[in-house]
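Visitor: Generate a structure from the sequence data that follows.
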Amino acid sequence: SLFNNAERGKFLNQLVSGVRKILQNPQDLSDPNNYHEFCRLLARLKSNYQLGELVMVDNYQESIQLMAKFTVESLQMWQFAPNSIHYLLSLWQRMVASVPYVKATEPHLLETYTPEVTHAYITSRLESVAVVVRDGLEDPLEDLGMVGQQLDQLSVIGRCEYSKTCQLLVQLFDTYAREYQELCSNPAT
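Guide: Sure, this is the predicted structure:
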C-alpha cells in the first residue's frame, strides 16, 4: 500500500469530501463522460475501502445521503447513461455485502438508503415499459445480459431491508395485476 493507516484515512477523507462537493453541485455531471467516470469513481470507493473505513470519514451521513439521492435520480433517468448504472448498483451491492464484517460502531445507514435505491430501480424499470411502448424506443429490458447482472446486484441490495423489498414487490405486483385484470375485463377502453 502507498499509505500507512493514518495516511489512508486522510486520503479517503479527502476523496469523499471531493465526492460530496461534486454531489452538492452536480452541474458538470450533465456531460455523459463526466457522469460515467463519476459513477466509476463511486464504485471504486467501496472496491478500495472497507465499509468500516467509509463510515469513519467526516460528514459520512451527508455523503451517504447524497450518494443515495444521486443513485435514485440516476435510476429514474434510465435513458441518460444506461452503461453507468452497473457502477452505481455495484457500490450499493458491495456496501450491503460487507455489512456483516463491519467492526466500526458508527452507523452505516444502509438500512435507511438501500430501500430507496431498490424502490427507484424497480419502479423506474416498470415505468420504462410505458415509455418504450409509447415512444417506440429501444427496450433496455431486452438486453438480458445487462438485466441479469443488474438483478444479481439488486438481489444483494434488497436483502439489506428484506421486509421492505418484499412489501414493495407485493404492492407493485398487486397493483399491476389489478390493472391487467381490469384491462382484460374491459378490452374496449
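Visitor: quick one, what contacts the closest residue to Arg20 other than its chain neighbours?
Guide: Excluding the flanking residues, the one nearest Arg20 by Cβ to Cβ, 6 or more residues apart in numbering is Ser63, at 4.8 Å. Where C-beta positions appear, they are placed from N, C-alpha and C, glycine not excepted. Neighbour list for Ser63: Val16, Val19, Arg20, Leu23, Val57 [criterion: Cβ atoms under 8 Å, 6 or more residues apart in numbering].
Visitor: The same query, at a cut-off of 10 Å, please.
Guide: Residues touching Ser63, when contacts are defined by Cβ atoms under 10 Å, 6 or more residues apart in numbering, comprise Val16, Ser17, Val19, Arg20, Leu23, Leu45, Leu54, Val55, Val57, Leu109.
Visitor: Pretty sure the third one sits against Cys39.
Guide: No. Proximity of Val19 to Cys39 does not meet the contact threshold set by Cβ atoms under 10 Å, at 11.2 Å.
Visitor: joint contacts of the two?
Guide: With Cβ under 10 Å, 6+ apart applied, the overlap between the contact sets of Val19 and Cys39 consists of Phe70.
Visitor: now the strands: where do they sit in this structure?
Guide: Taking DSSP state E as the criterion, the chain carries no strands.
Visitor: Tell me where this protein is predicted with low confidence.
Guide: Within the chain, the stretches with pLDDT under 70 are 1, 188-189.
Visitor: which stretches of it form helices?
Guide: Listed in chain order, the helices of the chain (DSSP state H) span 5-24, 32-48, 51-54, 60-76, 85-97, 110-135, 144-158, 162-185.
Visitor: what about Ala6, distance to Leu51?
Guide: Ala6 sits at a distance of 19 Å from Leu51 (criterion: Cβ to Cβ, to the nearest Å).
Visitor: nope, Asp174 is what I was after
Guide: In this view, Asp174 and Leu51 are 35 Å apart by Cβ to Cβ.
Visitor: More neighbours: which of the two?
Guide: Neighbour totals were compared for Asp174 and Leu51, and Leu51 leads with 21 against 10 (other Cβ atoms under 10 Å).
Visitor: can you tell me how far the more buried one sits from Phe80?
Guide: Taking Cβ to Cβ as the measure, Leu51 and Phe80 are separated by 28 Å.
Visitor: More neighbours: which of Val19 and Cys39?
Guide: Higher neighbour count among Val19 and Cys39: Cys39, with 24 against 19, using other Cβ under 10 Å.
Visitor: who's in contact with Leu126?
Guide: When contacts are taken as Cβ under 10 Å, 6+ apart, Leu126 is in contact with Leu141, Leu172, Thr175, Tyr176.
Visitor: Between which two of the residues you listed is the distance greatest?
Guide: When Cβ to Cβ is used, the two most widely separated members of those are Leu141 and Thr175, lying 18.5 Å apart.
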